[in-house]
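1. I would like the atomic coordinates for the input below:
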Amino acid sequence: MTEPVIALTTALIAEKSISPDDKNCQKIIIERLKKVGFTIEEINIGQTKNLWAFHGDRKSKTLMFAGHTDVVPAGDETKWLYPPFTPTIDENGVLYGRGAADMKSGVAAMVCAAEDFIKNNPDHDGCVAFLLTSDEEADATDGTVKVVDLLMNRHERVDYCIVGEPSSDTLLGDQIKNGRRGSLTANLVVHGVQGHVAYPHLADNPVHRFAPALNELVNTTWDEGNEYFPQTTMQVANISGGTGAENVIPGDLSVQFNFRYSSELTDTQIKERVEQILQKYNLKYTLNWRLSGHPFLTPQGELTNAATNAIKDIMGINTNLSTSGGTSDGRFIAKMGCQVIELGVINKTIHKVNENANCQDIINLTAIYKRILETLLLA
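-> From the prediction side, this is the model:
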């Protein structure tokens, strides 16, 4: 494949940019964007590299592309068909490598779409912008979340945002994420009294204590969802207790559980309900919460219409709007009050061994992004 977007995707995959180490990914992108007249601002925080770039009138209608250049570790590299950081295209036109789907192909498609759009429309209306980070796959503390706060403090305008996460299910463009559920994690320690299993009256088993409360937590209907979101779910992620000895009643039980919640609830309401259940069973406990993101939603409008029409034109298919799946940096960007969607390649191999993306999908994604730019930023 000699198409520019494939060449750029392979160049990015070859950079072993395990989060938050960007290697040279953003350097490669900066050089490309400078050549077509983008103003570049590097906003690096700690070990995280962040890029803010724009082309056009910053006071006018702005479409921002957002994404990340970091990837998760490859895992056991002996299980890969090809070395994970040696991008390889097989006989079927499938590109293998860590980040091929999540999301170096999306970043490359954004860059190439913007380049083509600006070359063909140097005096375009509005503004094309980029927000890229190397801190999405790990802690997500020094990346998009902090750049968004900075941009909001400076009153930077963003009307539309396309996050290049791999959103498609079985065909490129068959699904767009126009929102995400909130994510709230509870880290609970139930306190008991350690003792010998032969003398339970001298101990207080926190596992036994917690069992009825866990049953109620699991069987609670938190809400019924709504037309945009499925109902809130609660899942235990980790649970541990004991010393490893078969004759010891544990003194503490550690439980971690996560809520993926709809717009029908707030994190405060969930916390209050959990506390009520724990107190109902007279538990002694320590509870800490981690809020990863509030739910957000972009209803059908200019951006979703431009995207669905572009997909129809390029792919010849109808697309579905969905709020399913995990979180993304879109949860931070939504705070800016802009319309946000996630649109990228097929997501079935992300974070897996032999992560891959079809080259023709990457080429078509570039065309879709360009068509959206033409729809929203040309009079």
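
2. Just the CA trace of the helix or strand Q269 falls within, in PDB.
-> Using DSSP states H and E, Q269 sits within helix 267-280. Provided in PDB are the C-alpha atoms of helix 267-280 (Å, rounded to 0.1, in the frame of the first residue of the first chain):
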ATOM      1  CA  ASP A 267     -22.700   9.600  41.000                       C
ATOM      2  CA  THR A 268     -24.000  11.100  44.300                       C
ATOM      3  CA  GLN A 269     -27.200   9.100  44.100                       C
ATOM      4  CA  ILE A 270     -25.300   5.900  43.500                       C
ATOM      5  CA  LYS A 271     -22.900   6.600  46.500                       C
ATOM      6  CA  GLU A 272     -25.800   7.300  48.800                       C
ATOM      7  CA  ARG A 273     -27.700   4.100  47.800                       C
ATOM      8  CA  VAL A 274     -24.600   2.000  48.300                       C
ATOM      9  CA  GLU A 275     -24.000   3.500  51.800                       C
ATOM     10  CA  GLN A 276     -27.600   2.800  52.700                       C
ATOM     11  CA  ILE A 277     -27.200  -0.900  51.800                       C
ATOM     12  CA  LEU A 278     -23.900  -1.200  53.700                       C
ATOM     13  CA  GLN A 279     -25.400   0.400  56.800                       C
ATOM     14  CA  LYS A 280     -28.500  -1.700  56.600                       C
END
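
3. What are the contacting residues of stretch 116-128?
-> Stretch 116-128 is contacted by residues 36-37, 54-58, 60-65, 114, 157, 159, 366, 370, 373-374, 376-379 when judged by CB atoms under 8 Å, 6 or more residues apart in numbering. All C-beta spots, glycine's among them, are computed from the backbone N, C-alpha and C.

4. By neighbour count, sort out the buried ones in those.
-> Buried residues within those, counting neighbours by 16 or more other CB atoms under 10 Å: 36, 54-56, 61-65, 114, 157, 159, 366, 370, 373-374, 376-377.

5. what's V128 sitting at in phi/psi?
-> Backbone torsions for V128, taken as degrees, to the nearest 10, come to phi -110, psi 130.

6. Leaving out the residues flanking it, which one is nearest to the most centrally placed residue in the chain?
-> Residue closest to the average C-alpha location in the chain (CA atoms, centre = their mean): S328, at 2.1 Å. Spatially, and ignoring its direct neighbours in sequence, S328 is nearest to E165 (5.1 Å; CB to CB, 6 or more residues apart in numbering).

7. again, but for A100
-> Using CB to CB, 6+ apart, the closest residue to A100 is A357 (4.4 Å).

8. partners of the host helix or strand of that neighbour in the sheet?
-> A357 is located in strand 356-358, with elements delineated by DSSP H and E. Sheet pairing of strand 356-358 (DSSP bridges) gives strand 94-96 (antiparallel).

9. Could you pull up the mean pLDDT of the partner strand?
-> Mean pLDDT, computed over strand 94-96, is 98.

10. from the chain's centre, how far out does it sit?
-> From the chain centre to the centre of strand 94-96 is a distance of 22 Å (CA atoms, centre = their mean, to the nearest Å).
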